[in-house]
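*Asks:* Generate coordinates for the sequence data below:
(chains A and B)
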Amino acid sequence: MINLKNVTFKWHKSDSSPTLNIKELVIEKGEHIFLHGPSGSGKSTLLAILAGINTATSGEVSILNQNLTTLSNTTRDVFRADHIGYIFQNFNLLPYLTPIENITLGCEFSKSRKQKILKQSSNKNSALQKEAIRLLNALGLTAQYHHKDVATLSIGQQQRVAAARAFIGSPELIIADEPTSALDTNNRESFIKLLFEQAKLSNSTLVFVSHDETLKPLFNRSIDLINLQEQV
Amino acid sequence: MIIAKLAYKSLLNRRASVLLTLFTIAISVMLLLSIERVRIDAKSSFSNTISGTDLIVGARTGDIQLLLSSVFRIGHTNNGVSWKSYKYITSQRGVKWSIPISLGDSHKGQAVLGTTLDYFSHYRFAKKQNLTFNKGRPFAAINEVVLGSEVANKLGYKLNDSIVISHGMGNTSFHHHDDNPFKVVGILNPTGTPVDKTLHIPLAAIDLIHGGKASLEHEHEHEHDEDNNLVGHPKQITAFLMGFNSPLYTLQIRRNINQYKPEALLGIMPTVTLKELWEMLAIVEKILLLFSAVVVLVSLLGMLTTLLANLSQRRRELAILRSVGARPWHLFTLISIESLLTTLLGCLVGSALYYLVIFSAGGYLQSHAGISVNITMLSYYELGLIGVIMAAGFVIGLIPATRAYFYSLSDGMSIKA
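*Replies:* Numbers count the residues shown, from 1 in each chain, chains lettered A, B, ... in the order given. Now for the predicted structure:
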């Protein structure tokens, strides 16, 4: 699923030591990974490389057997939109769209994700909406909030919308970047469990990033970025 | 499709600033269209003042001066044309009709024109239109007057009213001819020409007005006793208009007039002289055009400023779109559609405002400037102007669109709420 070999990353060519230096990282399909490490350990950089936002300075990054380092910017944009759902730390919802519209936006820019939904549905017109509603219900946001102004939703509610947007169209890889940092412990656990359920349903691999090690036991595998990084 | 929807929702979300931009454009469109309409209608009103007349003949002076005094009632000629010369010239071969006119008197500041019944049958304006009566009929007796529409409106005269005509121009003429009241027998329809501001009386009546004064100077008691002929026996007229059977005669007779020995006369072709006069005024026309162009330019620059200022506020919004899979050209399209939509709406609102303006100001322009403004569908020229504004708005929108295109994806990943 994810295969990193001898990956290094420098922000600037002149940097003396790389921000990221990973000899090998392999994540299998369907795994739920807890990626942790203190601030500044390179978590964001690694995620940016996995999502194809930044390209590795050297080494090989392949996702779904596709080597990202050799793709053009445009192809990488398309690849990301088609195969990766991303839950942002600050949710990145558009304030002028309703929750439902925000969620369907996730597959409006990807033909393959849209097709996946349309294939399962008989009613082509409302298929996207129905899927968005199903996801919101599954993630615990009740119908009364589905058409409200996003800005009036609570943090926890916004987070469910953001998660639903990542899951819509069942992308192969879900990356969650500290999505629980604004929640209290109880809510965190229940939210993560909902994420697991959805990931299983859509057969997605989940990479969950946090600096909060108390969440570690919930996952079947965890990776400590400090240990992963090769000391220079 | 999704881009259009996003553009719409996003515009709606920023409606305050969008509305302002929209109004700037609307107002500039309205100004441009109004100025252009006034400019074009002024020109056509101007050249519509007189038509169908082949030659105007008066005492020798400048071409434009003769045109101004005989047609526009601006300024006045000191000399006239003797009745003898008039009779002689109009008896030439090829003359179809002629209208003698005698100016120089006024009624409450409005010009008084002495003429014959030929005036009502041969005088033409605009597209060879004849004068038509709103009420009443042409004068039939020496003490009857036909009013231009504006004279009747402004002074509140009705049929059968009695009015007094004074000698000389201006309001404060001391020499009132109280003993010669005139009866209003006809009121003309509006023409948008100086005819509207004119009182028409029989040529013979001009003599009658001056009778008292003239009798002191020279003896002609025999002249208008019992003389009910509308023409009378004037010694002199101000000018006369002529129409010919064929345009071929125009140049020939004009040459003869300009070389006429007994009297120094001048014959002008009104269409040619009108054109010369308008060319003298062309600078005003060009300044008007320049003004409207600058107004549009300023409003488009205003739009650019707003768009660019909005763009930095919207960096996060655009970055979010990038992060959910929108590619650079999606953002480019989004911003372009938005500016196009704003300009389009601006143009629509502007056109509506423009109709409102010409609808409400048309009457004022007609009565105060003599410019008849027509309320018609947008002409191809006006549609062309709007098209140019739309195109300019679109091109200007490409500037922020290009900037949005290069917004990097990492914005969306790192910008904090």
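*Asks:* From residue B:11, how far out is the residue in the stretch 251-400 of chain B positioned nearest to chain A?
*Replies:* Closest residue of the stretch 251-400 of chain B to chain A, CB to the nearest CB: residue B:325 (3.0 Å). Quick note: C-beta positions are derived from backbone N, CA and C, even for glycine. Relative to residue B:11, residue B:325 is positioned 22 Å away (CB to CB, to the nearest Å).
*Asks:* do residue B:290 as well
*Replies:* Here residue B:290 is placed at a distance of 33 Å from residue B:11 (CB to CB).
*Asks:* Comparing these two, which residue is more hemmed in?
*Replies:* Using other CB atoms under 10 Å in any protein chain shown, the more surrounded residue of residue B:290 and residue B:11 is residue B:11, with 19 against 11.
*Asks:* Spatially nearest residue to the more buried one (excluding sequence neighbours)?
*Replies:* Of all residues not flanking residue B:11 in the chain, residue B:18 sits nearest, at 5.2 Å (CB to CB, 6 or more residues apart in numbering or on different chains).
*Asks:* neighbours around that neighbour, how many?
*Replies:* By other CB under 10 Å, 19 other residues sit near residue B:18.
*Asks:* helix/strand/coil for it?
*Replies:* With DSSP: H, G, I helix; E, B strand; the rest coil as the basis, the three-state label of residue B:18 is helix.
*Asks:* What score does it have for pLDDT?
*Replies:* Per-residue pLDDT puts residue B:18 at 89.
*Asks:* Would you confirm that it contacts residue B:343?
*Replies:* No: using CB atoms under 8 Å, residue B:18 is not in contact with residue B:343; the gap is 11.4 Å.
*Asks:* could you pull out the strands for the stretch 201-350 of chain B?
*Replies:* Ranges of strands within the stretch 201-350 of chain B are B:236-237, B:239-244, B:265-268, based on DSSP state E, counting those that start in this stretch.
*Asks:* next one: chain A
*Replies:* A:2-9, A:20-27, A:32-36, A:58-63, A:66-67, A:84-87, A:173-177, A:205-210, A:221-224 (DSSP state E).
*Asks:* now the angle from the fourth one to strand A:20-27?
*Replies:* Per axes from the mean of the first three to the mean of the last three CA atoms, to 10 degrees, the angle that strand A:58-63 makes with strand A:20-27 is 30 degrees.
*Asks:* Which strands and helices lie in contact with strand A:58-63?
*Replies:* Where contact means 3 or more CB pairs under 8 Å, 6 or more residues apart in numbering or on different chains; DSSP states H and E, strand A:58-63 is packed against strand A:2-9, helix A:43-50.
*Asks:* make it 7 Å
*Replies:* On a contact count with 3 or more CB pairs under 7 Å, 6 or more residues apart in numbering or on different chains; DSSP states H and E, strand A:58-63 meets strand A:2-9.
*Asks:* Roughly how far does the nearest residue to residue A:230 once chain neighbours are set aside sit from residue A:13?
*Replies:* Leaving aside its sequence neighbours, residue A:230 sits nearest to residue A:21 (CB to CB, 6+ apart; 4.6 Å). Separation of residue A:21 from residue A:13 (CB to CB) stands at 16 Å.
*Asks:* and the stretch 251-400 of chain B, which residues reach chain A?
*Replies:* On the criterion CB under 7 Å from any CB of the partner chain, chain A has as its neighbours in the stretch 251-400 of chain B the residues B:317, B:320, B:323-327, B:330.
*Asks:* Pick the most deeply packed of the strands of chain A.
*Replies:* strand A:84-87 (a mean of 26; mean count of other CB atoms under 10 Å in any protein chain shown).
*Asks:* Does anything pack onto that one? Which helices or strands?
*Replies:* Judged by 3+ CB pairs under 7 Å, 6+ apart, strand A:84-87 is in contact with helix A:155-167, strand A:173-177.
*Asks:* now those as TSV including mean pLDDT?
*Replies:* Shown next, in TSV, are those (pLDDT from 0 to 100):
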stretch	mean pLDDT
helix A:155-167	91
strand A:173-177	92
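*Asks:* Among these, which comes closest to chain B?
*Replies:* For the helices and strands packed on strand A:84-87, the distance to chain B is smallest for helix A:155-167, at 6.8 Å, taking CB to the nearest CB.
*Asks:* quick one: the closest one to strand A:173-177, angle?
*Replies:* Calculated by the same axes, to 10 degrees, helix A:155-167 forms an angle of 150 degrees with strand A:173-177.
*Asks:* Let me see the ranges of the helices in the stretch 151-300 of chain B.
*Replies:* Using DSSP state H, counting those that start in this stretch, the helices found in the stretch 151-300 of chain B span residues B:203-217, B:247-258, B:270-280, B:282-313.
*Asks:* Kindly reformat the ones you listed as CSV and extend each row with distance to residue B:375 and mean pLDDT.
*Replies:* Formatted as CSV, those follow (distance: least, CB to CB, whole Å; pLDDT from 0 to 100):
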stretch, distance to residue B:375, mean pLDDT
helix B:203-217, 39, 64
helix B:247-258, 35, 90
helix B:270-280, 24, 89
helix B:282-313, 19, 85
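*Asks:* mind checking which of the ones you listed is nearest residue A:28?
*Replies:* helix B:282-313 (43.3 Å; CB to CB).
*Asks:* how close does the closest residue to residue B:138 other than its chain neighbours get to chain A?
*Replies:* Excluding the flanking residues, the one nearest residue B:138 by CB to CB, 6+ apart is residue B:120, at 4.7 Å. Distance, residue B:120 to chain A, by CB to the nearest CB, to the nearest Å: 69 Å.
*Asks:* Out of the helices and strands packed on strand A:84-87, the one nearest residue B:194 is which?
*Replies:* Nearest to residue B:194, of those and by CB to CB, is helix A:155-167 at 73.6 Å.
*Asks:* which residues touch that closest one?
*Replies:* By CB atoms under 7 Å, 6 or more residues apart in numbering or on different chains, the residues outside helix A:155-167 that reach it are A:85-88, A:91-93, A:99, A:102-103, A:105-106, A:132, A:135-136, A:139-141, A:145, A:150, A:153, A:174, A:179, A:182-183, A:187, A:191, A:195, A:198, A:202, B:324.
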